[in-house]
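In: Would you be able to build a 3D model of this:
(one chain, ligands or ions: 1)
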Amino acid sequence: MKSLFLALALALFAFSYSHAEDTVTVTDAWVREVPPASTISAAYMKIANSGDKDDKLVSASSTAAETTEIHLSSVDDKGVAKMEKVDGVVVAAGETVELKPGSYHIMLIGLKEPLKAGENVEIVLDFENAGEVTVSAPVKGMDKQSHEDHSHH
Ligand SMILES: [Cu+2]
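Out: The predicted structure follows:
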């Protein structure tokens, strides 16, 4: 009887744990292709929180880079673009946050190999509530980006 109770408790725990992970969904992840001489790049994605609690992306890591940081790009009052390291990205309950050029991004510093378009970079995201979420982000070539950035062409 005791072991049956234990099995049920474990089953319930496993269910609630996997359910918690499902509250955060990452889509449209991609990594910017950079010239072979460059050792830094950035990853972008959409992070949706379908849960009823706010969550926060607190760190990220990737086997493709020595260091992975969460950055926020902005333009200061003199019109100069800059970026700074932040301690995380809050994803409010029911909201979607887009990591995109000119805003939040995941900085890949010290690339171990040049990134080629068509390859995938695995990135592990660590959320305060949802825990670890692994995404496979395709590397997008510079041609494709410039078409997207200048849609009037
Ligand atoms: Cu950056």
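In: Now that Ile40 has come up, it's in contact with Lys112, right?
Out: No - in this structure, Ile40 is not within contact of Lys112 by Cβ atoms under 8 Å, at 12.0 Å. Every C-beta, even on glycine, is put in place using the N, C-alpha and C of the backbone.
In: mind listing the strands for the protein?
Out: Using DSSP state E, the strands of the chain run over 24-32, 40-49, 55-62, 65-75, 81-85, 89-91, 96-99, 104-111, 120-127, 131-140.
In: and this protein, which residues reach the ion?
Out: Neighbours of the ion within the chain, by Cβ under 5 Å from the ion: His71, Met83, Met107.
In: Buried by neighbour count, from the residues you listed: which ones?
Out: Among these, those classed as buried by neighbour count (16 or more other Cβ atoms under 10 Å) are His71, Met83, Met107.
In: got the contact list for the first one?
Out: This means His71. Ala42, Met83, Glu84, Lys85, Val86, Tyr104, His105, Ile106, Met107 (Cβ atoms under 8 Å, 6 or more residues apart in numbering).
In: do Ser103 as well
Out: Counting by Cβ under 8 Å, 6+ apart, Ser103 has contacts Leu72, Ser73.
In: Which one of the residues in this structure is closest to the ion?
Out: His71 (3.2 Å; Cβ to the ion).
In: State the pLDDT value of that residue.
Out: With respect to pLDDT, His71 scores 98.
In: For it, which residues count as its bridge partners?
Out: Lys85, His105 (DSSP bridges).
In: how near is it to Met107?
Out: Note on His71: its distance to Met107, by Cβ to Cβ, to the nearest Å, is 5 Å.
In: what is in contact with those two at once?
Out: Ala42, Met83, Lys85.
In: For the last one, report the pLDDT, please.
Out: Going back to what we said before, that points to Lys85. 97.
In: ok, it to Ala137 distance?
Out: 20 Å.
In: Comparing these two, which shows the higher neighbour count?
Out: Each of Lys85 and Ala137 has its neighbours counted (other Cβ atoms under 10 Å); Ala137 has more, 23 against 9.
In: Could you tell me which ranges of the protein sit under the pLDDT cut-off?
Out: Scanning the chain for pLDDT under 70 picks out the ranges 1-2, 10-21, 142-153.
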